[in-house]
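1. Structure of the sequence below:
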Amino acid sequence: MKKYLFVPILLSFFILSSLNQPEDNTNKIVQEGTITNLYDAFGKDTTLTPDFGFSCITKYKGKTILFDAGSNADIFKRNMLQLGIDLTQVDMVVLSHGHFDHLNGIDYVLQVNPNVKIYFPYDIFWGAPVPFDATGQEADVKDSLPKYMQYFNGGNTKFLIKQSGRFWNANIEFVKGSKEILPGLFLIATSSQYMGYFSCYPGKSFVEGQFEQDADHCKNTNLPELSLAMKTDKGEVLIAGCSHTGIENIVNETMKTTGNNIELLYGGFHLLPFDRPQTLRIVQLLRQDLKIHRVAPAHCTGHLAFKILKDTFQGDYVYAGLGETISY
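-> As a prediction, the model looks like this:
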């Protein structure tokens with residue numbers, strides 16, 4: 001009899017134990033027509049870890065797209081598990097640019113989804129093929145050297161270096177120009193003339209800890225950048241990572257490439273370094289001249305710009321902090 005009494009007692013123990021287990025957040029389905037902020041420094045959800053960086057995920061015409069991956073792979077992983085995002089279901093990754101606060105989480109992505117397609121700006125510092133000329137001065141001097149001292153045993157000294165890049169063996173494509181990768185889905189390629197490496201901004205330069213007027217060294221930093229545009233019945237949904245190119249320039253390039261107005265502008269607008277008059281000018285340009293319908297600013301947009309954008313767009317301002325899912 002004791003043997004048979006033990007079975008229901010054991011069964012009851014397992015039932016009670018299962019009730020006390022934390023909720024299983026894995027395998028949450030990313031819904032079509034939504035964007036979720038996966039990595040940011042502000043938000044309402046206290047179960048998530050805030051950090052300065054950016055990542056979001058969307059689903060467009062059945063394809064799950066991860067855009068950027070934040071600053072820290074451990075924090076990115078923690079937030080993915082807490083949100084229940086299954087990265088094995090990601091069909092493609094778009095990395096906006098080669099700054100640490102947008103791409104370090106890719107190490108975790110490739111750990112769980114090693115064959116995922118990655119689109120990256122054509123940046124030679126992160127793995128894009130490098131045209132190189134090793135001819136040097138006095139080209140004929142090589143003929144006076146033995147073959148074993150000549151590059152490629154006397155072969156061509158103008159060549160393409162096909163480097164392995166930051167993400168070794170990844171399924172990565174380096175994108176030079178704006179293009180449609182799926183029907184209605186566009187990669188918008190731009191290049192920053194200023195804000196490439198944190199030091200220079202239009203109208204300002206950062207010299208010895210102070211912002212000063214433009215200096216010659218600020219020009220042509222040439223940081224390549226990708227944004228993502230998705231065609232909808234209402235217009236384009238545009239996701240920008242950090243807008244080093246200038247958010248207004250990215251919007252202009254998107255409208256030129258797609259032929260459509262912008263229904264929703266989402267992501268980092270990079271207005272942090274600008275004062276009130278400069279920020280007001282750019283916000284008014286977005287609202288009045290470029291006819292942006294809705295904005296959902298995040299990441300590097302900045303407190304001042306959050307306030308001015310909210311006051312300007314009012315009901316067309318969409319809160320998009322860490323963990324928030326919005327519809328488009």
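2. now Q111, what's its secondary structure?
-> helix (DSSP: H, G, I helix; E, B strand; the rest coil).
3. again, but for F186
-> Assignment for F186 (three-state DSSP): strand.
4. again with I308
-> helix.
5. residues near it, how many?
-> Neighbourhood size, I308 [other Cβ atoms under 10 Å]: 19. To be clear about C-beta, it is placed using only N, CA and C from the backbone, and glycine gets the same treatment.
6. Check the one 10 residues further on too.
-> A count of nearby residues for V318, using other Cβ under 10 Å, gives 19.
7. Tell me if I'm right that it and A298 touch.
-> No: contact criterion Cβ atoms under 8 Å: V318 and A298 do not qualify, at 10.1 Å.
8. Name the residues contacting each of the two.
-> Counting by Cβ atoms under 8 Å, 6 or more residues apart in numbering, the shared contacts of V318 and A298 are Y266.
9. Please state the offset of the one helix or strand I326 maps to from the chain centre?
-> If you go by DSSP states H and E, I326 is part of strand 325-327. Between the centre of strand 325-327 and the centre of its chain there are 17 Å (Cα atoms, centre = their mean, to the nearest Å).
10. cool, stretch 103-123 as well?
-> For stretch 103-123, the distance to the chain centre is 11 Å (Cα atoms, centre = their mean).
11. how about that stretch: buried residues?
-> For stretch 103-123, burial by neighbour count (16 or more other Cβ atoms under 10 Å) applies to 103-110, 113, 116-123.
12. Among the residues you listed, name the ones in helices.
-> 103, 106-110 (DSSP state H).
13. List just the nearest of those residues to I75.
-> Nearest to I75 among those: Y108, at 9.7 Å, using Cβ to Cβ.
14. Name all residues that make contact with the spatially most central residue of the chain.
-> By Cα atoms, centre = their mean, the chain has its centre lying nearest to D68, at 3.1 Å. Listed by Cβ under 8 Å, 6+ apart, the contact set of D68 reads 39, 53-56, 94-96, 102-103, 105, 241.
15. need those residues in a markdown table with secondary structure and pLDDT, can you?
-> Listed next are the contacts of D68 as a markdown table, based on DSSP: H, G, I helix; E, B strand; the rest coil; pLDDT from 0 to 100:
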| residue | secondary structure | pLDDT |
| --- | --- | --- |
| Y39 | strand | 98 |
| G53 | coil | 97 |
| F54 | coil | 98 |
| S55 | strand | 98 |
| C56 | strand | 98 |
| V94 | strand | 98 |
| L95 | coil | 98 |
| S96 | coil | 98 |
| H102 | helix | 97 |
| L103 | helix | 95 |
| G105 | coil | 97 |
| G241 | coil | 97 |
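16. tell me which residues form a beta bridge with C56?
-> Taking DSSP bridges as the rule, C56 bridges to N37, F67.
17. Does anything pack onto the longest strand along the chain? Which helices or strands?
-> Using DSSP state E to define each element, the chain has its longest strand at strand 223-232. Judged by 3 or more Cβ pairs under 8 Å, 6 or more residues apart in numbering; DSSP states H and E, the packing partners of strand 223-232 are strand 117-121, strand 185-192, strand 235-240, helix 247-258.
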